[in-house]
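Visitor: can you look at this prediction? I've put the sequence above it.
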Amino acid sequence: MTEQERADALKVVTSIIARCEQTQPKFAPGTSQHTLLKNRIQALKIGSALLGGGYVEKDSDETLTAALEPLASIIRKCEKARSKYEPGSGQYNRYGSTIQAMELSRIQIENELHRRTL
């Protein structure tokens, strides 16, 4: 991945984290929506740290592995939403950049897990 791709992905992930953190207080703790956002925020923060190069090895392998599913969920939802728009449209491109950022975050987490097994 190039430094520009990394910077672009980090910008998208940071933006999504901020939106999720603004939305989370609207849901009561313990509800499925609140838990979903909590898990997404944690996964996105791990991805963000790895993309930014400032990751500290405080997370367990289980935490890293658990972070993969929320990212996969975001990818699936964005792919489904993107399929409703014409290629080249603003919405199509926006979903595309989100998908790319989530894929790069996922790859960074998988690389970290692989690095730990060496």
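Guide: Received, thanks.

Visitor: verify the stated contact: residue 104 with residue 48.
Guide: No. Applying C-beta atoms under 8 Å as the test, residue 104 and residue 48 come out as separate, 10.8 Å apart. To be clear about C-beta, it is placed using only N, CA and C from the backbone, and glycine gets the same treatment.

Visitor: so which strand or helix has residue 93?
Guide: helix 90-117 (DSSP states H and E).

Visitor: typed the wrong thing, it's residue 84
Guide: Per DSSP H and E: nothing holds residue 84, as it lies in no helix or strand.

Visitor: before we move on, what about residue 36?
Guide: Counting by DSSP H and E, residue 36 is part of helix 32-52.

Visitor: check which helices and strands that helix sits against.
Guide: With contacts taken as 3 or more C-beta pairs under 8 Å, 6 or more residues apart in numbering; DSSP states H and E, helix 32-52 sits against helix 3-23, helix 61-82, helix 90-117.

Visitor: so how far is the second one off the chain centroid?
Guide: Shown here is helix 61-82, whose average C-alpha point lies 7 Å from the average C-alpha point of the whole chain (C-alpha atoms, centre = their mean, to the nearest Å).

Visitor: now that helix: buried residues?
Guide: Across helix 61-82, burial judged by 16 or more other C-beta atoms under 10 Å covers 64, 66-68, 70-71, 74-75, 78, 82.
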